[in-house]
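1. what follows is a predicted protein model with its sequence.
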Amino acid sequence: MPEIFNISQTPITAHAFNADRSQLAVSLNSNDAQILTRSGSEWAPTEMLTEHDKVITSIDWAPNSNQIVTASQDRNAYVWQQTPDPDTGKIVWKPTLVLLRINRAATHVRWSPKEDKFAVASGARAIAICSFDPENNWWVSKHLKKPIRSTVLAVDWHPNNVLLAAGSADMKARVFSAYVKEIDERPAATVWGSKLPFNTICGEFASAAGGWVHSVGFSPSGDVLAFASHDSSISIAYPGGAIHNIRMPTLPLVTLTWTSEDTIIAAGHDCQPIVFSGSDAGWQEVGTLDNGSYGTGSKAGPGSVGRLKTGAFATFRDADSRGQTSSGTTDSKLSTIHQNTITSVRPYAGVPGQITQVSTTGVDGTLVIWDTASVSALTGRMAALSV
Amino acid sequence: MDVAFRKIDIDVYDEDALQESELYDADNRDPAQALEEARARQVSVRSLLAKNDTAGALTTMLDNSPYGPNVEDAKTISLQTLLTILNSTKSTEIPTAINSLSIDSQDTLMKYLYKGMAMSGWADSNASVLLSWHEKLTEIAGTGCIVRTMTDRRTV
């Protein structure tokens, strides 16, 4: 049974847990990031990270060094560390400046696996790779620019701490080298290449029908790249080999995470986490984590094609076919747990390659923690179609 | 207030502006060839329709359709031919015909349906046919099919 927490009435734009999952950083579609602390089955707000002056777009919490990085539409990013307050001695989160040098919003941020770098995607057709400069006590950045032609929407690090995948609004998913010679050791050769100076392009992929690439993810080994794009499809690319493209009959997926080398969980406008499974021989959709019995809504939901026959639809259909406006009888709730688009799915429990739980947040302000093992088939999809 | 400045295309002053052509792989057929192919298809579709083979006619039309700029004539003929097929299919046979198509063809069919509805003057005579095909196609191929029609830059 998934754990469900109603965090807020507003959308949750980003969420990140600390290492032991006792605290959660969220951005509630505002300029501030909130730290929530778990007490029993509740999440209580404990601290507010205020420094940005526009909406925070992404948050990531480094598990080992316990640093939070936030990215915002104000073209800035800050790294937050817990330090004692000079006056009171109380432990508080203090921001450190990041010299991003971008002239458009920062859209997405992720710590590298070793936590010595992070990547900030932006609308300035660039990705800033940031590393710490102890002399000046700030974070400096190098830009990955070529051949990005539009806003970068998502980034994901390869386990070797050097390669970076990026999904962009120019319809492409790319793999770059983000090798910074001051901090990185020379990486071993991977399937993506052996000579990897900064800004080497190790792969460029697109889905057949195009569409903005909303989310990218390396498999746990780093040998495979998955990306979800706005043509309602998910693609799994093997460097130098096949690209498997699964087209969905539903609305687009916007976020994904690998739970093992052969399983991906993705979610988006269809409000439920979908499970995909496969290997280099082929991939398919295997089911959903939301079997439709947890939510309170009774109308279509998972099973139906997209949000096709939901409450609002039924209202207009009744008005059209029977000339009546239904008086409050129509249930506008979806039968899924999330009542609106899921914008983020992240690993919650387990080790890379064997993730046992994932967390999702979305526009409905709800946080849900799912067991990755309880997959139910997407049956009834066809049955629910009859009008 | 003077708002004319809002209509200035500022992208032409940006050397680095993203071009439409960078967003998809171009159709590699030249316009004349595409037009010839479209005409040839029109002929074969007619003979298939005479044999009552709606599914075959649809597959012929939707496979490798002309797309992109510079092939307007071929696109127009293709749309006309497709409308002939749609108009000559009984409404009870629509689901069977759609089910026999590949996902690719279903996506292309949806593109033609939207194009048909967007053509001024055309929609008047074909509206009900287009809408009933749209309804049936959405039931089978889902909202994903509509999303792909809106997303795909390879317009038919």
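-> Thanks, I have the structure now.
2. where does the stretch 151-300 of chain A get nearest to chain B, residue-wise?
-> residue A:249 (2.7 Å; Cβ to the nearest Cβ). Where you see a C-beta, it was placed from the backbone N, CA and C, and this is true even at glycine.
3. how about the nearest residue to that residue, chain neighbours excluded?
-> Nearest non-adjacent residue to residue A:249, counting by Cβ to Cβ, 6 or more residues apart in numbering or on different chains: residue B:142, 2.7 Å away.
4. just checking, that neighbour touches residue A:270?
-> No - here residue B:142 does not reach residue A:270: they are 10.1 Å apart, not a contact under Cβ atoms under 8 Å.
5. neighbour count for these two, which is higher?
-> Using other Cβ atoms under 10 Å in any protein chain shown, the more surrounded residue of residue B:142 and residue A:270 is residue A:270, with 31 against 24.
6. hang on, the more buried one packs against residue A:254?
-> No - judged on Cβ under 8 Å, residue A:270 makes no contact with residue A:254 at a distance of 9.9 Å.
7. what is the neighbour count of residue 21?
-> Going with chain A. Neighbour number of residue A:21 under other Cβ under 10 Å is 14.
8. wait, chain B
-> 11.
9. got a pLDDT number for it?
-> Residue B:21 carries a pLDDT value of 83.
10. helix, strand, or coil at it?
-> Here residue B:21 is helix, with the state taken from DSSP: H, G, I helix; E, B strand; the rest coil.
11. let me see the contact set for it.
-> Not one residue lies near residue B:21 by Cβ atoms under 8 Å, 6 or more residues apart in numbering or on different chains.
12. kindly report the same for residue B:140.
-> For residue B:140, the contact set (Cβ under 8 Å, 6+ apart) comprises A:385, B:95, B:98, B:99, B:106.
13. where's the residue of chain B found nearest chain A relative to residue A:225, distance?
-> Of all residues in chain B, residue B:142 sits closest to chain A, at 2.7 Å by Cβ to the nearest Cβ. For residue B:142, the distance to residue A:225 equals 26 Å [Cβ to Cβ, to the nearest Å].
14. which of the contacts of residue B:140 fall in helices?
-> Those of the contacts of residue B:140 mapping onto helices are B:95, B:98, B:99, B:106, per DSSP state H.
15. quick check on the residues you listed: which are buried?
-> B:98, B:106 (16 or more other Cβ atoms under 10 Å in any protein chain shown).
16. how about the residues of the stretch 151-300 of chain A by chain B?
-> Contact residues (Cβ under 8 Å from any Cβ of the partner chain) of the stretch 151-300 of chain A with chain B: A:170-171, A:209-211, A:229-233, A:247-252.
17. in strands only, show me these.
-> A:229, A:233, A:247 (DSSP state E).
18. give the bridge partners for the second one, please.
-> Pointing back at residue A:233 there. Applying DSSP bridges to residue A:233 gives these bridge partners: residue A:229, residue A:247.
19. report how many residues lie close to it.
-> Neighbour count of residue A:233, defined by other Cβ under 10 Å: 23.
20. make sure residue A:357 is actually in contact with residue A:373.
-> No - taking contacts as Cβ under 8 Å, residue A:357 lies outside contact range of residue A:373: 9.1 Å.
21. neighbour count: these two, which is higher?
-> Under the neighbour definition other Cβ under 10 Å, residue A:357 and residue A:373 were set side by side, and residue A:357 has more, 17 against 9.
22. so where is the stretch 251-387 of chain A shaky, pLDDT-wise?
-> Scanning the stretch 251-387 of chain A for pLDDT under 70 picks out A:295-311, A:325-332, A:379-387.
23. 90 instead, please
-> For the stretch 251-387 of chain A, applying pLDDT under 90 flags the ranges A:291-336, A:376-387.
24. residue A:278 in helix, strand or coil?
-> strand.
25. which parts of chain B are helices?
-> B:31-50, B:54-62, B:72-87, B:94-99, B:103-118, B:122-151.
26. okay, those helices in CSV with distance to residue A:53 next?
-> Shown next, in CSV, are these (distance: least, Cβ to Cβ, whole Å):
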stretch, distance to residue A:53
helix B:31-50, 53
helix B:54-62, 51
helix B:72-87, 49
helix B:94-99, 52
helix B:103-118, 42
helix B:122-151, 34
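27. residues of chain B that sit close to chain A?
-> Counting by Cβ under 8 Å from any Cβ, chain B sits next to chain A at B:16, B:18, B:22-24, B:103, B:107, B:138-145, B:147-148, B:151-154.
28. 6 Å instead?
-> Residues of chain B lying close to chain A by Cβ under 6 Å from any Cβ of the partner chain are B:18, B:22-24, B:103, B:139, B:142-144, B:147-148, B:151-153.
29. ok, and the closest non-adjacent residue to the residue positioned nearest the centre of chain B?
-> Centroid-nearest residue in chain B, with Cα atoms, centre = their mean: residue B:112, separated by 2.7 Å. Ranked by Cβ to Cβ, 6+ apart and with sequence neighbours excluded, the top spatial neighbour of residue B:112 is residue B:82, at 5.0 Å.
30. now residue B:108
-> Once flanking residues are discounted, residue B:108 sits nearest to residue B:62: 4.4 Å by Cβ to Cβ, 6+ apart.
31. where does that neighbour land on pLDDT?
-> Looking at residue B:62, its pLDDT is 94.
32. pretty sure it sits against residue B:107.
-> No - the pair residue B:62 / residue B:107 is not scored as a contact, 8.8 Å apart, by Cβ atoms under 6 Å.
33. now chain B, which segments are flagged as low pLDDT?
-> By pLDDT under 90, the low-scoring segments of chain B are B:1-30, B:64, B:68-70, B:118-127.
34. one more time with 80
-> Residues of chain B that meet the criterion pLDDT under 80 lie in B:1, B:120-125.
35. now do the contacts for residue A:276.
-> Shown in contact with residue A:276 (Cβ atoms under 6 Å, 6 or more residues apart in numbering or on different chains): A:264, A:283, A:285.
36. if we go to 8 Å?
-> Neighbour list for residue A:276: A:234, A:236, A:246, A:263, A:264, A:265, A:266, A:283, A:284, A:285, A:286 [criterion: Cβ under 8 Å, 6+ apart].
37. what's opposite the spatially closest residue to the fourth one that is not a sequence neighbour in the beta bridge?
-> Think residue A:263. Nearest residue to residue A:263 in three dimensions, chain neighbours excluded: residue A:277, at 5.0 Å (Cβ to Cβ, 6+ apart). Beta-bridge partners recorded for residue A:277 (DSSP bridges): residue A:263, residue A:284.
38. thought residue A:277 was touching residue A:286?
-> Yes - between residue A:277 and residue A:286 there is a contact under Cβ under 8 Å: 4.7 Å.
39. quick one: which of residue B:62 and residue B:107 has more around it?
-> Between residue B:62 and residue B:107, residue B:107 has the larger neighbour count (other Cβ under 10 Å), namely 25 against 22.
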